[in-house]
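Visitor: When you get a sec, could you give me coordinates for this:
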Amino acid sequence: KQAVIQRASTNDNLCKQLESMNKKLVEEAMACTNLEKRMQREIRVTKTQLTEVTKERDELKSAMDEATDSTKGMKQELEESKQVVAALAAAKEAAEVEAKKVPAAEKEVTSLKQELWNLRVKHDTVVEELSGTEASLAEGKKQLESV
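Guide: Residues are numbered from 1 along each chain as shown. Modelled structure (predicted):
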C-alpha cells in the first residue's frame, strides 16, 4: 500500500512538473508569437521606408540628369557666345580702322560697341547661370551619394 501511495505521490509530482513545464512552454510560445508579430511590423515599416528612399533616389537621379543636360546646353551656349564675342571683337577692330578712314563709320562703331557690350552682358549672365547649375548639380550628387 505504501508503494502505491508513494507512486501516486510521485505521479502527482510529475503531473505538477509537467503542468508547470507546459505552462512555461505556452508562455514562451506566446512571447515568440508576439516577437514575430513585432518583427513583421518592423519589416513592413522598413520595406515602406526603403520604397520611399528608392523613390527619392530615383527622383534625385532624374533631377541630376536634367541638370546635367541643362549644363551641357549652357556650356554649348557659352562656347557659341565666346565665338560671337570674338567675332564681334574682330568686327569692332575692323570698324575702328574704317572709322579712322571715314568719319561716317563712327556711328556704326558705336552701334557695334553697344552690341558687343550687350553680348558680353549676355555672356556674363550665361556664365553665372552655368555656375549656379554646376553648384546645383554638385548638391544633387551629394544628396544622391548620401542616399
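Visitor: drop to CA atoms for contacts and neighbour counts, all remaining ones
Guide: Noted.
Visitor: which other helices and strands contact whichever strand or helix holds Leu60?
Guide: For Leu60, the host element (DSSP states H and E) is helix 2-101. Applying 3 or more C-alpha pairs under 8 Å, 6 or more residues apart in numbering; DSSP states H and E, one finds that helix 2-101 contacts helix 105-146.
Visitor: By mean pLDDT, which helix or strand of the chain comes out lowest?
Guide: None of the helices or strands of the chain scores lower by mean pLDDT, DSSP states H and E than helix 105-146, at a mean of 82.
Visitor: ok now that helix, how far from the chain's centre?
Guide: 26 Å (C-alpha atoms, centre = their mean, to the nearest Å).
Visitor: helices or strands up against it?
Guide: The contact analysis (3+ C-alpha pairs under 8 Å, 6+ apart) places helix 105-146 against helix 2-101.
Visitor: I'd like the average pLDDT over the helix it packs on.
Guide: For helix 2-101, mean pLDDT rounds to 88.
Visitor: now it and helix 105-146, what's the angle there?
Guide: Orientation note: helix 2-101 sits at an angle of 170 degrees relative to helix 105-146 (axes from the mean of the first three to the mean of the last three C-alpha atoms, to 10 degrees).
Visitor: And helix 2-101, how far out from the chain middle?
Guide: Offset of helix 2-101 from its chain centre (C-alpha atoms, centre = their mean): 12 Å.
Visitor: and Asn118, how many residues sit next to it?
Guide: 13 (other C-alpha atoms under 10 Å).
Visitor: how close does it sit to Val84?
Guide: With distances taken as C-alpha to C-alpha, to the nearest Å, Asn118 is found 11 Å from Val84.
Visitor: Kindly report the same for Asn13.
Guide: Here Asn13 is placed at a distance of 104 Å from Val84 (C-alpha to C-alpha).
Visitor: Mind checking which of these two has more residues around it?
Guide: The residue with more neighbours, out of Asn13 and Val84, is Val84; 16 against 12, by other C-alpha under 10 Å.
Visitor: nearest residue to that one other than its sequence neighbours?
Guide: Residue nearest to Val84 in three dimensions, not counting chain neighbours: Leu119, with 7.9 Å by C-alpha to C-alpha, 6 or more residues apart in numbering.
Visitor: And Leu112, by the same measure?
Guide: Leaving out its chain neighbours, the residue that sits closest to Leu112 by C-alpha to C-alpha, 6+ apart is Lys92, at 6.2 Å.
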